[in-house]
Structures are given as C-alpha cells and as structure tokens.
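Engineer: 3D model of this:
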Amino acid sequence: MDQMTMMEKQIKAMQAQLATMKREHQREMNRIHQQMAQQRQAEETDPYGARNAYRGAPPHASASPNAGFATAAAPGPRSDQLLPPVNAATPYGQLTGTPTGRVLNLYGPLHRGQVQIGGVRITLGGYAEAATIFRSRNNVADISSNYGSIPFANNPNYHINEFHETARQSRLAALVEGDITKALRAQAYIETDFQGAGSASNSRQSNSYVLRERVFYGQLIDDVDDLTLLGGQNWSLLTMFNHGMRARDEQVPLTIEAQYVPGFNWTRNTQIRLVKGFDHSRYNIGLSVENPQQVISPGSGGQYLPPGAVSGTYQNAGANVNNPSTNYSTDIAPDIIAKVGADPGWGHYELTGLLRFAHSRVSYDGYGKSSTHVAGGGGGGLILPVNKKHKVYFQASGLVGTGIGRYGTSNIPDVTIDQKGQVKPMPAANVLVGLYGNPTKALQLYAYGGMEMLRARSYFNAGGKHYGYGNPLYNVSGCDVEGAASSACQSSINRVVQGTAGFWWTYMHGDYGTLRVGAQYSFTYVSSFSGVGGTPHTNDNMVFLSLRYLPFQ
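Structural biologist: Now for the predicted structure:
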C-alpha cells in the first residue's frame, strides 16, 4: 500500500509538471505565431523596405543607378529569399491577381509566384472562380450579359428566368520582364480566360469551353526618358487609368459581371501605343493606333439599295482564320486615339480624343461608289479621393461623338445605312459614375451607375417603305404582346441604363494566397425609340455570386 501511494504521488507530480510544460509550450507557440504574423504584416505593408533591408540598405532607400546589375565592387544580392507578392495598384488588379512588374531590382529576392531564368523574371497571376448567375430575363448568356439584347415582352425569354453556374471567368496570367540596359527594360504580358466557345463547346455534359486571348502584348519601357512603346492586344487607350498611363493600371469596374457596366468605355484589341511622361509621370500624353471594327445596324427596314444598285457592301462573313459565324466590317484605316492624363497630387484626370473611319461600297452594273465617313468624339474622366482612411474614391467618365457605340459595353450601333446605301455614323453618348471603398480591411464595397444612348434617330422613307435606325414609322405595337411576330416589334435601342452595387470580402489571406467572396446586384433598363404603337422598353434584374481564389496574392 505504501508503494502504491508513493507511485500515485509521483504520477500526480508528473501530471502537474506535464500540465506546466504544456502551458509554457502554448505560450511560446503563441509568441512565435504573433511574431511571425507581425513580420508578415510588416513585409506586406512595405515589401520594398523588407527588400532594401535584406540588401543592406535602409528602409525606403532609393534604388541606385546600378540597381539590378552586379559589379565586382557590389555583387548582385542573393535571390533565395521569398518576399510577399506584389500585385497591380488598382482595386481591379487586386481582385484579379494582375502582376504589376514594379520591382526595384530584377536580380533581387523573388516574390511568391515568381520564377527567375537568368536575367528574365516571370511573375504569375490570375485566379480560379466559381460563379453563380441569376437573371430575371433569359439572356442566353454566361458571365457576360447581353445588355443590348435583353428580350422584350413579345419574346418568351422575357418571361423566363435564367440561372447558371460557371467557372469560365477563371484567369491565367503571366508577366515576363528583363533589363536590356540600365535604363531600358522589356516586358511581355499574357492574360487568358475561358470565355471562348469552339464548335464542340456546350453546357450539357462536359463544359468544353476554350481558352481565349484577353490581353497579349510586349512593351519597351525607357525609365530615364519616361517613354513606353507597346504593341499587341491590350485594353484600349480610351479606357480610363487609375494613375498615370501604364499598362495593367486600367480603372476597370470591380463587378463580378464580365460585361462590366453600361457607360464603361473599353475594347481589348490589337494596337501600337506610345506614351510619354513628364515631371516624374505626373503628366502623360499617349497616342494609340488601334484595330478598327464597326457595329452596324441597317435598321428594321433591312438594307436599302438606291435605284440601279445591285449590291451594297459594308461587312462580310469571316473567312480563313476569322470566325465564319460573324461579320467583319469593311474598314480601311485604324482607329486613332489620343489622351492627356494628369496626376497633380489630388486626384487623377484625363482628356481623350477618338478618330474613326466608316467605309462601305455600293455596286452598280459595271461600276461602283465607295464612301468613307469620318467619325469619332471626345471625352474624359476623373478619380477623386473622398476618404483616404477607408480608401473611398469617386470616379466619373464620359464620351460623346458619332460612331462611338463600339466603345461602350452595350455595343449599341456605330453606323446605319443612309439613303445612298452607304454607312452613316450615328450620334451617341455614354457616361459612368462610381463610388468604391474599404470600410474595413477585409471588406470592399462598390456602386456604379451608367448610361449609353443614341442621341438622335437616323432614318428615311423610300418607295412606301421605312428604313434606317429609329424610324418613327416602324411598327412597335407588338413589343409588349407575348408571341407577337418580330414584324410587330421593329424596335431600335435608344438607351441602356444600369445601376449596380456589390461587395468583395477577403475571407482568408496568408502564405497560401487569398480567398475572396463577392456578391453583386444590378438593375438594367433598356428603352427603344418610339414608333407606331408606343415606346417599347424592357428590364432585367441580375444577381451574381463569386468565390475567387488567388494563389499568388
């Protein structure tokens, strides 16, 4: 009994020691985790300070003229340290994992998602998304809505809801960059998603949607002269920037909706662009020569041919490697865009000019007549900081002119057909305002309101028939009658208006990347020019949900 009592006391003493050791271990682990969290937060807040400290320079030290070039006196730093990722400065870039490429030293420590091959650095970006879509009208669309094709009440799809789940906006991106000289560097950037459709693509069994080219360009950047030359497919120079005028710094709406918001000016097309900065990039001027394409609507009266004409050519079906199921306009010159941007210290400001050339030909027996109409317009935009603490910003932009429909997200027509059978640019305008900010570090809110409209009709009557766009003698009496024939709903879209709001919530963030949850609601109102029987209109309520994983951010 004495021995058992002694053993029992020893066991209790050991249990007490073990409990004490567990408490001490837990305190030590908490201390280590807290220290690591503080260190990670400090590095993500000031990654350049961490890099300079690693290189033996004081925080916020400026890069020397020889930064990135090893010498005998100052050999290049090691590249085996992994720093927090660096992404584009725009809120849109942070939501999509867009690589920024702004590094002090290509031979310095790597960030997560980066690979070094000799003097070339590759930065990966993008995200995987699982999205859910609900629309009150059946657009027969995926993550990109057809704003200009929302059905009227005569169409059965007006009375049918639409629900989809999709991963097609998931994005792959890579930035490749290297120094040519101490002042000149080269970059190549590719960005893809899965919103293309091949002949075998369907949503029945295996969603075989194809990879498509979103952005793919190369550029030379002269940091000494503040000069950039870009060639390839990119956002149009017409698209507003967040700051300055550098690629991958575009001010794109924060929506889940991949067609963005009516009033947002953009295309993504092939171009050659030259940008010159002044006063340390506080002021910039840019000129871009971009691939043309006209959005053409002959109107509900169909194509008109003047007396004696045998044909009119303003577009052709695709051939060779072009898409045979769509039409390509007969363009003879590029779209030319010029822009002036300013960042004087409070806000960002832009002025933009656009020049376009609409071309067509009417053929007669043995001869023909060609016609070229000069179109285009001008506009601008601004971004103003409202509350720096919560990063609240107000933005506004607009464009007005003739033949500018292509640059609006709703793709309202650029041109129609006139009484000579030739294309005729139509006057249009669009505007977008927005407000976005971060009430907390993990929560981002946004709201936008936009409108695109044709400012006037373009029509005529000949031979007892009605032609052109928005002809007041078009029959629209059946637009509100389900089952009515298309001949009783000869609508011509006049205005597309939308209000939308949403949020992004950073659910998780760490060394593994970032997981974000988003939700968006929008109301879209579409009205037609009035005709015989009234003024047709339609609308759509849309809800989007998104779960987005960004592995490199």
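Engineer: okay, which residue is most central for this protein?
Structural biologist: Nearest residue to the geometric centre of the chain (CA atoms, centre = their mean): Val252, 4.8 Å.
Engineer: from what I can see that residue touches Thr239, true?
Structural biologist: Yes: Val252 is within contact range of Thr239, at 7.5 Å (criterion: CB atoms under 8 Å). For glycine as for every other residue, the C-beta is placed from the backbone atoms N, C-alpha and C.
Engineer: joint contacts of the two?
Structural biologist: Listed contacts common to Val252 and Thr239 are Trp266; contacts here mean CB atoms under 8 Å, 6 or more residues apart in numbering.
Engineer: any low-confidence regions in the stretch 51-200 of the chain?
Structural biologist: 51-88, 102-107 (pLDDT under 70).
Engineer: hmm, try it at 50
Structural biologist: 51-80 (pLDDT under 50).
Engineer: ok so, going back, so what's the residue nearest to the centre of the chain closest to, chain neighbours aside?
Structural biologist: Leaving aside its sequence neighbours, Val252 sits nearest to Tyr92 (CB to CB, 6 or more residues apart in numbering; 4.1 Å).
Engineer: swap in Thr372?
Structural biologist: His359 (4.8 Å).
Engineer: remind me which helix or strand the one you found belongs to.
Structural biologist: Per DSSP states H and E: His359 is located in strand 348-364.
Engineer: how about the very next helix or strand once past that strand as PDB, C-alpha atoms only?
Structural biologist: Heading C-terminal from strand 348-364, the first helix or strand you meet, by DSSP H and E, is strand 367-387. The C-alpha coordinates for strand 367-387 follow below in PDB (Å, rounded to 0.1, in the frame of the first residue of the first chain):
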ATOM      1  CA  TYR A 367     -19.100  50.300-111.700                       C
ATOM      2  CA  GLY A 368     -19.400  51.300-108.000                       C
ATOM      3  CA  LYS A 369     -19.200  54.100-105.500                       C
ATOM      4  CA  SER A 370     -17.200  53.900-102.200                       C
ATOM      5  CA  SER A 371     -17.800  56.200 -99.300                       C
ATOM      6  CA  THR A 372     -15.800  56.900 -96.200                       C
ATOM      7  CA  HIS A 373     -17.300  58.900 -93.300                       C
ATOM      8  CA  VAL A 374     -15.000  60.400 -90.600                       C
ATOM      9  CA  ALA A 375     -16.400  59.700 -87.100                       C
ATOM     10  CA  GLY A 376     -15.200  59.900 -83.500                       C
ATOM     11  CA  GLY A 377     -15.600  62.100 -80.500                       C
ATOM     12  CA  GLY A 378     -14.100  63.200 -77.200                       C
ATOM     13  CA  GLY A 379     -14.400  62.700 -73.500                       C
ATOM     14  CA  GLY A 380     -12.600  62.400 -70.300                       C
ATOM     15  CA  GLY A 381     -12.700  61.100 -66.800                       C
ATOM     16  CA  LEU A 382     -11.500  61.700 -63.200                       C
ATOM     17  CA  ILE A 383     -10.900  59.800 -60.000                       C
ATOM     18  CA  LEU A 384     -11.100  61.700 -56.700                       C
ATOM     19  CA  PRO A 385     -10.100  60.500 -53.200                       C
ATOM     20  CA  VAL A 386     -13.100  61.100 -50.900                       C
ATOM     21  CA  ASN A 387     -11.800  59.400 -47.700                       C
END
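Engineer: show me what strand 367-387 is packed against.
Structural biologist: strand 348-364, strand 392-402, strand 423-425, strand 427-437 (3 or more CB pairs under 8 Å, 6 or more residues apart in numbering; DSSP states H and E).
Engineer: and for the shortest one, what's in contact with it?
Structural biologist: For strand 423-425, the external contacting residues (CB under 8 Å, 6+ apart) are 294, 296, 314, 356, 358-360, 371, 373, 375, 402-403, 414-418, 458.
Engineer: listing partners with orientation, what would you give for that strand?
Structural biologist: Using DSSP bridges, the strands paired with strand 423-425 are strand 415-417 (antiparallel).
Engineer: still on that earlier bit, what residues of the strand holding His359 count as buried?
Structural biologist: For strand 348-364, the neighbour count (16 or more other CB atoms under 10 Å) marks 348-350, 352-363 as buried.
Engineer: before we move on, what about stretch 383-403?
Structural biologist: Buried, per 16+ other CB under 10 Å, within stretch 383-403: 383, 392-399, 401-403.
Engineer: of all the helices and strands packed on strand 367-387, which one is nearest Glu8?
Structural biologist: Proximity to Glu8, assessed across the helices and strands packed on strand 367-387 by CB to CB, is greatest for strand 427-437 (64.9 Å).
Engineer: ok now that closest one, how far from the chain's centre?
Structural biologist: Remark: strand 427-437 is offset 15 Å from the chain centroid, using CA atoms, centre = their mean, to the nearest Å.
Engineer: show the subsequent helix or strand relative to it.
Structural biologist: Where DSSP H and E defines the elements, the next helix or strand beyond strand 427-437 is strand 443-454.
Engineer: so which elements touch that next one?
Structural biologist: Judged by 3+ CB pairs under 8 Å, 6+ apart, strand 443-454 is in contact with strand 427-437, strand 493-510.
Engineer: so what are the sheet partners of the shortest one and their directions?
Structural biologist: Think strand 427-437. Going by DSSP bridges, the partners of strand 427-437 are strand 392-402 (antiparallel), strand 443-454 (antiparallel).
Engineer: export the ones you listed as JSON lines, with columns for distance to Gly470.
Structural biologist: Shown next, in JSON lines, are the strands paired with strand 427-437 (distance: least, CB to CB, whole Å):
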{"stretch": "strand 392-402", "distance to Gly470": "15"}
{"stretch": "strand 443-454", "distance to Gly470": "7"}
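Engineer: any idea which of those strands gets closest to Leu229?
Structural biologist: Of all those, strand 392-402 sits nearest to Leu229, with 25.5 Å by CB to CB.
Engineer: from the chain's centroid, how far away is the closest one?
Structural biologist: On CA atoms, centre = their mean, the centre of strand 392-402 falls 16 Å from the chain's centre.
Engineer: pLDDT averaged over it - what is it?
Structural biologist: For strand 392-402, the mean pLDDT works out to 97.
Engineer: can you list contacts of it?
Structural biologist: 238, 240, 251, 263-265, 350, 352, 354, 375-386, 407-408, 425-438, 455.
Engineer: and the residues you listed, which are buried?
Structural biologist: Applying 16+ other CB under 10 Å to the contacts of strand 392-402 flags 238, 240, 251, 263-265, 350, 352, 354, 375-377, 379-381, 383, 407-408, 425-438 as buried.
Engineer: next one: phi and psi at the closest residue to Pro306 other than its chain neighbours?
Structural biologist: In space, not counting the residues next to it along the chain, Pro306 is nearest to Gly421; the distance is 5.0 Å by CB to CB, 6+ apart. When quoted as degrees, to the nearest 10, the phi and psi of Gly421 stand at phi 80, psi 10.
Engineer: pretty sure Gly421 sits against Ser363.
Structural biologist: No: in this structure, Gly421 is not within contact of Ser363 by CB under 8 Å, at 9.4 Å.
Engineer: anything in contact with each of the two?
Structural biologist: Counting by CB under 8 Å, 6+ apart, the contacts common to Gly421 and Ser363 are 309, 312.
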